[in-house]
Structures are given as structure tokens and as C-alpha cells.
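Novice: Could you work out the structure for the sequence below:
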Amino acid sequence: MVNSYKQSIILLGNKSDPLIKKMINLLMRDGKRSKAETVLNKTLQSLDSEYPGRAIHIFYLGIFAVRQDIGVRLKPKPKTRRNKRSFNVYLPRVISPICGLHLGMRSLLKASRDRSSISPLWENLSKELLKASQNDGEVIDKRYNLNKLAGSNKRRIHFGIRY
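Specialist: Coordinates of the predicted model:
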């Protein structure tokens, strides 16, 4: 038991790291910080059991793989005129790097929550992080589809950075 406690201290030893703090804040529900830290600890421990010494590296690779650079905003349909069809217009926008990291982390957590209700969240999160670090998985596919949609509609707008 002492060994696992030391291991969890080692894995989350740097709680002042901004990405780890943000992940804990996104995991936290109803102010239960210790439960969120436990979930992240178990996630990193399961990654460490499969890949010894590489858990933090996999965590960072997964986070940076899912960050978003471009977002798409849906412009409302114009008024329909006689004999003309109205259609949806997707307006691409450039997202700042910090906001893109946070959006990627949110999409990673959403995918792990939607993955399966049978297995615990920390197990799903470790699987999603591992797949994202290998440039595979549901979150990466969504990112590529979003980039393709933004690329096909890039003639509609000049890019501007949104903070």
C-alpha cells in the first residue's frame, strides 16, 4: 500500500504544472478536487503500469495531439427568398493556442465519459490518452473532420484570432 502511495505522489508530484491543474479542474465536479486528483492519479498509474516511466510523457503527447487550432462557427441561415434555397454557412476561425489546448482537453474528457459506462472513468481516460498520443482515436478523427470542414469553407472569411 505504501508503494502505491509513493507512486501516486511521484506521478502527480508537480501539481503546479498548468496542464495538470487544468485537467484536475476539468475533471472536478461540485468542488470535489480530491476525487478529481484521484481519478487523474489512477489514470496515470494505469498508464504507468502498462508503460513504466512513460505515463507523464503519454499524458503530454495526448494533450498536445488533441489541441485545436481552428474552430468552426455556424452562421444562421439567411432569409429564404423566392426560388432560392437557404443553406448553412460554416465560418472558420483561428483559436488561440491556450484556448485550443483547453478545448482539446474538454473533448478528450467528453470522449472518455461517452466511451463506456461499465468501466470507470480513469480507465477510459487512460485509453483515450494512449490512443491520442498515437494519433488515433475518436478525438483525433473529430479534429481532422473539423479541420477539413474549416478548410473547405476558408474562402468565406479572413482568419482572425479569437482570444
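
Novice: For this protein, which segments count as helices?
Specialist: For the chain, the helices defined by DSSP state H cover 2-11, 18-27, 33-50, 55-65, 97-115, 121-133, 138-152.

Novice: between those, which gets nearest to Arg73?
Specialist: helix 138-152 (10.0 Å; CB to CB). For the C-beta atoms, the positions are set from N, CA and C on the backbone; glycine is no exception.

Novice: can you list contacts of that closest one?
Specialist: 65-66, 68-72, 90, 92, 104, 107-108, 111, 128, 131-132 (CB atoms under 8 Å, 6 or more residues apart in numbering).

Novice: and if we set it to 10 Å?
Specialist: With contact meaning CB atoms under 10 Å, 6 or more residues apart in numbering, helix 138-152 is reached by 62, 65-73, 90-94, 103-105, 107-112, 114-115, 128-129, 131-132, 134-135, 137, 156-157, 159.

Novice: Show the buried residues in those.
Specialist: The neighbour count (16 or more other CB atoms under 10 Å) marks 62, 65-68, 70-71, 90, 92, 103-105, 107-109, 111-112, 115, 128-129, 131-132, 137 as buried among those.

Novice: what about the protein, any weak spots by pLDDT?
Specialist: Applying pLDDT under 70 to the chain flags residues 1-14, 77-87, 156-163.

Novice: If we use 50, what do you get?
Specialist: Within the chain, the set of residues satisfying pLDDT under 50 comprises 1-2, 6, 9-10, 163.
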